[in-house]
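Trainee: Got a sequence here, can you model it:
(one chain, ligands or ions: 1)
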Amino acid sequence: MPGLLIEAENISKEYNYTSIFQQLNGHFESDQSVAVLGDNGSGKSTLLQILSGMTEPTSGVVTWRYDDKKIPDYRWYEYLSYCSPHLYFDPRFTVDEIIRQFQRVKQFQNDLTHDDLIELMRFQPHRSKYINELSSGMNQRVRLVLTICADVPALFLDEPCSNLDQQGVDWYHELISTYGPGKLIFVASNDPREFDFCEKRLSLMDFKKH
Ligand SMILES: Nc1ncnc2c1ncn2[C@@H]1O[C@H](COP(=O)(O)OP(=O)(O)OP(=O)(O)O)[C@@H](O)[C@H]1O
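Mentor: As a prediction, the model looks like this:
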């Protein structure tokens with residue numbers, strides 16, 4: 001099977017001896033979008049962190065393959081981009097400087113230029129502003145463009161519409177429909193406006209200890 005394949009086998013996670021979820025299995029591949037659902041505290045962000053290699057499961061195994069070739073876990077980061085309202089940019093830099101930093105470590109799809117990225121953010125009047133001068137919704141626009149437009153096979157989107165108004169939510173859908181096809185997309189969410197396009201649903205409530 002060409003493209004990316006992520007497999008989770010019997011994943012369980014505990015924090016401080018408290019079970020978050022148990023025995024989760026999943027098979028996820030390119031051109032799929034997966035909504036990770038569940039109550040507050042059910043482990044949605046934790047699952048995204050485990051699948052992307054940021055956090056170790058307490059037991060179980062996650063495997064990544066690209067074009068049938070196993071990818072060692074220390075290289076997964078090359079194949080993914082990750083957006084979370086908890087990831088912050090350094091406030092001492094401007095939007096232009098942040099974009100330049102990202103361009104040094106990530107390719108963007110369709111050869112998007114620096115100016116194209118500004119345009120996609122709708123940031124022409126704000127490009128010279130420092131990150132700490134932006135509202136939380138504007139910060140989220142920067143995060144989403146840099147994540148969704150990256151030329152990588154896997155997108156991890158944790159609460160992607162945090163701090164966005166309705167216009168921002170419509171804008172997010174446009175970004176996903178232009179730059180999402182072909183990618184494997186995970187959306188951790190409780191808000192249908194964030195995951196309504198996902199064809200696959202994974203509820204963490206099915207993996208709770210009884
Ligand atoms: N690093 C950590 N150390 C200890 N406990 C943690 C840690 N990270 C998460 N937890 C706990 O794990 C549980 C799941 O947290 P997580 O953030 O994954 O849930 P969530 O479903 O994303 O929640 P929300 O919908 O509120 O964002 C929570 O009880 C949380 O307190």
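
Trainee: interface residues of this protein facing the ligand?
Mentor: By the rule C-beta under 6 Å from any ligand atom, the part of the chain lying against the ligand is 15, 20, 38, 40, 41, 42, 43, 44, 45, 46, 188, 190. For the C-beta atoms, the positions are set from N, CA and C on the backbone; glycine is no exception.

Trainee: can you pick the most crowded of these?
Mentor: Within these, residue 188 tops the neighbour count with 27 neighbours, counted by other C-beta atoms under 10 Å.

Trainee: Surely it is in contact with residue 157?
Mentor: Yes: counting by C-beta atoms under 8 Å, residue 188 touches residue 157, with 7.2 Å between them.

Trainee: and for the two, which residues touch both?
Mentor: Common contacts of residue 188 and residue 157 (C-beta atoms under 8 Å, 6 or more residues apart in numbering): none found.

Trainee: Regarding stretch 125-145, how distant is the last residue from the first?
Mentor: With C-alpha to C-alpha, to the nearest Å as the measure, stretch 125-145 spans 17 Å from end to end.

Trainee: average pLDDT across that stretch?
Mentor: The predicted model assigns stretch 125-145 a mean pLDDT of 94.

Trainee: hmm, back to that, could the residues of the chain next to the ligand be laid out in CSV, adding secondary structure?
Mentor: Converted to CSV, the residues of the chain next to the ligand look like this (DSSP: H, G, I helix; E, B strand; the rest coil):
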residue, secondary structure
15, strand
20, strand
38, coil
40, coil
41, coil
42, coil
43, coil
44, helix
45, helix
46, helix
188, strand
190, coil
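
Trainee: Make CSV out of those residues and add pLDDT.
Mentor: Converted to CSV, the residues of the chain next to the ligand look like this (pLDDT from 0 to 100):
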residue, pLDDT
15, 96
20, 96
38, 95
40, 93
41, 92
42, 93
43, 96
44, 97
45, 97
46, 97
188, 98
190, 93
